[in-house]
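Q: turn this into a structure:
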Amino acid sequence: MKVIINNNQKGLLFKNGILVDFLGAGKYRAGGSKTIEILPLDEEISSNSATLAQILTKVIDRYKSDDLTSEVTVKNGEVALHYVDGVFIEALTAGRHAFWKEAGAHEFKIYSTTEPKITDIPAAVAARLGAGFVLDVNIPAECKAIVYYDGKPAEYLDAGRYFYWNGAVKVTTATYSMRVQQLDINGQEILTKDKVGVRVNFTANWKITDHKKLAEAYPNITQTLYTAAQLALRDYLGGKTMDELLADRENIGNEILAELKKRTADMFVEIISAGIKDVILPGEISAIMNSVLAAEKRAQANVITRREEVASTRSLLNTAKLMDENATLRRLKELEYIEKICENVGEITVDARSSLLSQLANIIGNNSSQE
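A: All right, here's what the predicted structure looks like:
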């Protein structure tokens, strides 16, 4: 069987499973007791059938030189960063590593991982190491973070990007937003003073004032605030009747805000605002309230109708008195009605024996005399 080794490859010749020679580029014959393993030139020197020491020894024997490879030995608690021609390639863990010099100029930078925080590696390189080597911590704007070493607070960080070794020390972080945050309590069931069960939607705006003390005293501040708001709602609204709750929601919201501030005074947070968004009544109570409201509106409409009728009647009475006392005004009113009648009449038939004006005058005169 023919085996071709290209210029970007090296070969290891085995006979009966024993490494006997190192092969450069060319064409070789294998078979029977002979096997050839091909190694890439641009990768770390490694074989499935021989140790690194055996390979390097055979290379020296073959070329009578130990200057064909670049080697580095990484100890426990260390990481070596591998550069080729000035470009970062990979991170190497504890052990002996070797590379072909033909692939380029190799450089190794060794770092201790006993100190968790990475300070002397460029961020672009640290970001390429991956989760297997580093913990990448990104803290958004207007946020703070606490870094823990083996569960103990070690650092307090502002917004930015930081890297830590995944080494012997376990590194964890907790991030706290310093922005104003919203707390919502939806569908909170409360029994009022007059024994009516209602559901309340409540909201509050709050922010952290001291994240360091907060982390020590209240690890889960969101749940703590939620519970405090629930208790404040139940204690305060439980002393109000349903009518009081519906009639003065804005003032009740201010009073609950004051109560909530008292309950959170030692929690290292500031309650900025709070209020009741919705009050949801039981179905039967809601139907009764709607009926009451409809009856009130009907009564208001009837009052308005009667008021308008009285005003209209009074106006007619005043007009009648004026016309009765003033003949000229009454005559003008008659002419006004005639004008309105004429606007709605298609045609008028008159007697040709007398003039039109005379006939109209007679009509008006007759009507006046009949009155």
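
Q: low-scoring stretches of the stretch 251-371 of the chain, by residue?
A: By pLDDT under 70, the low-scoring segments of the stretch 251-371 of the chain are 282-297, 330, 334, 337, 344-371.

Q: how about 50 then?
A: Low-confidence segments of the stretch 251-371 of the chain, defined by pLDDT under 50: 368, 370-371.

Q: what about the strands in it?
A: Along the stretch 251-371 of the chain, counting by DSSP state E, counting those that start in this stretch, strands occupy 269-280.

Q: what are the ranges of the helices in it?
A: 283-325, 327-343, 356-370 (DSSP state H, counting those that start in this stretch).

Q: over to the stretch 101-250 of the chain?
A: Counting by DSSP H, counting those that start in this stretch, the helices of the stretch 101-250 of the chain are 123-129, 211-217, 221-237, 242-247, 249-263.

Q: now do the buried residues in the shortest one.
A: With burial defined by 16 or more other Cβ atoms under 10 Å, the residues of helix 242-247 counted as buried are Met242, Glu244, Leu245. For every residue, glycine as well, the C-beta is placed using N, CA and C.

Q: one more: the last one?
A: Buried residues in helix 249-263, counting neighbours by 16+ other Cβ under 10 Å, are found at Ile252, Gly253, Glu255, Ile256, Leu257, Glu259, Leu260, Lys261, Arg263.

Q: packing partners of that helix?
A: strand 197-208, helix 221-237, strand 269-280 (3 or more Cβ pairs under 8 Å, 6 or more residues apart in numbering; DSSP states H and E).

Q: adding mean neighbour count, write these out as JSON lines.
A: Formatted as JSON lines, the helices and strands packed on helix 249-263 follow (neighbours: other Cβ atoms under 10 Å):
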{"stretch": "strand 197-208", "mean neighbour count": "18"}
{"stretch": "helix 221-237", "mean neighbour count": "17"}
{"stretch": "strand 269-280", "mean neighbour count": "17"}
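
Q: how about these in JSON lines, adding distance to Thr328?
A: Output for the helices and strands packed on helix 249-263, formatted as JSON lines (distance: least, Cβ to Cβ, whole Å):
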{"stretch": "strand 197-208", "distance to Thr328": "70"}
{"stretch": "helix 221-237", "distance to Thr328": "72"}
{"stretch": "strand 269-280", "distance to Thr328": "66"}
